[in-house]
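S.K.: Okay, predicted coordinates and the sequence, questions at the end:
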Amino acid sequence: MSSPTPAIPPVDDTLGAALIGFGLSCIILGFLSKEVFIYYGRYPNDKMVYKVIVSVIGMLELMEEAAIGHYLYYYVVSNYTNPAAFFVDNFVWSLMLPVAIGATVGTIVKLCFAMRVWRFSNNVYITGLIAILTLSQLSLSITYTVKSFMLQKLVRAEELRLIASLSLGSGALTDTITALTLCYYLRKFRTGFGQSQQLAYKLSLYAINTGLLTSVMSLGALIFYDAHPTTFQFTPFYYNLSRCTILLLL
């Protein structure tokens, strides 16, 4: 006896949610592109390694946006008369590519934040923990992408829920640890003098906002994915997670 065919979620919860995420990501990518141009104009004497990192991040984000646009066109336009293709057929190659690209960009940015933690604290244990969590999230994301290509069916996405949850959860934990560590060591720089105290306060506020925003985005993606793993309700959070982190870094 053949197993029952899994129920296909409504289009609003799949392609509709992905389209919302794509629209938001286009807006944020515009702000990000502006910040990249401002960076090169404002810091022409920066070290070459920093300029290369910014260039690589910018190109990867463009590739991610192109991949999202490609699979949306494939399903919304090319398969307009075949809506079941989104779940019944093998998915198009560009569907899972944003997961790997976003994880790569997030890893680069979070390692940069780890370097900031090291400069402020000189604590090898905390810096090492942040680096290990960051690389663990990258490996989990790549594993998720590879296994998704092996399954080739979105109706089987629930089989990968544990890997995806661990990846998003480790990302949120990394952001929280980074923000708390920066706040702790920035408070130690307070000298009691007006300008120094104000600078330390602003940097602490910046660190809190950085961790808060990225943690909320990670938790949002985690909650919506765990609640509905066969839909794309998590994409408005996930597609913009790395970009919000980059904007805070630049």
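M.R.: Here it is on my side, so go on.
S.K.: buried ones in stretch 124-133?
M.R.: Buried residues in stretch 124-133, counting neighbours by 16 or more other C-beta atoms under 10 Å, are found at 126, 127, 129, 130, 131, 133. Any C-beta I mention is one placed from the backbone N, CA and C, and that applies to glycine too.
S.K.: I'd like these written out as TSV, with secondary structure, distance to residue 221 and pLDDT added.
M.R.: Listed next are the buried residues of stretch 124-133 as TSV, based on DSSP: H, G, I helix; E, B strand; the rest coil; distance: C-beta to C-beta, whole Å; pLDDT from 0 to 100:
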residue	secondary structure	distance to residue 221	pLDDT
126	helix	25	91
127	helix	26	92
129	helix	22	94
130	helix	20	92
131	helix	22	94
133	helix	16	93
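S.K.: Return the member of those residues nearest to residue 113.
M.R.: Within the buried residues of stretch 124-133, the smallest distance to residue 113 is 7.4 Å, found for residue 130 (C-beta to C-beta).
S.K.: what residues are up against that closest one?
M.R.: 110, 113, 114, 117, 174, 177, 178, 181 (C-beta atoms under 8 Å, 6 or more residues apart in numbering).
S.K.: my read: the second one touches residue 178, true?
M.R.: Yes - using C-beta atoms under 8 Å, residue 113 and residue 178 qualify as a contacting pair, with a distance of 5.1 Å.
S.K.: can you redo the buried residues of stretch 124-133 as JSON lines with distance to residue 164?
M.R.: Below are the buried residues of stretch 124-133 laid out as JSON lines (distance: C-beta to C-beta, whole Å):
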{"residue": "126", "distance to residue 164": "27"}
{"residue": "127", "distance to residue 164": "27"}
{"residue": "129", "distance to residue 164": "22"}
{"residue": "130", "distance to residue 164": "21"}
{"residue": "131", "distance to residue 164": "22"}
{"residue": "133", "distance to residue 164": "16"}
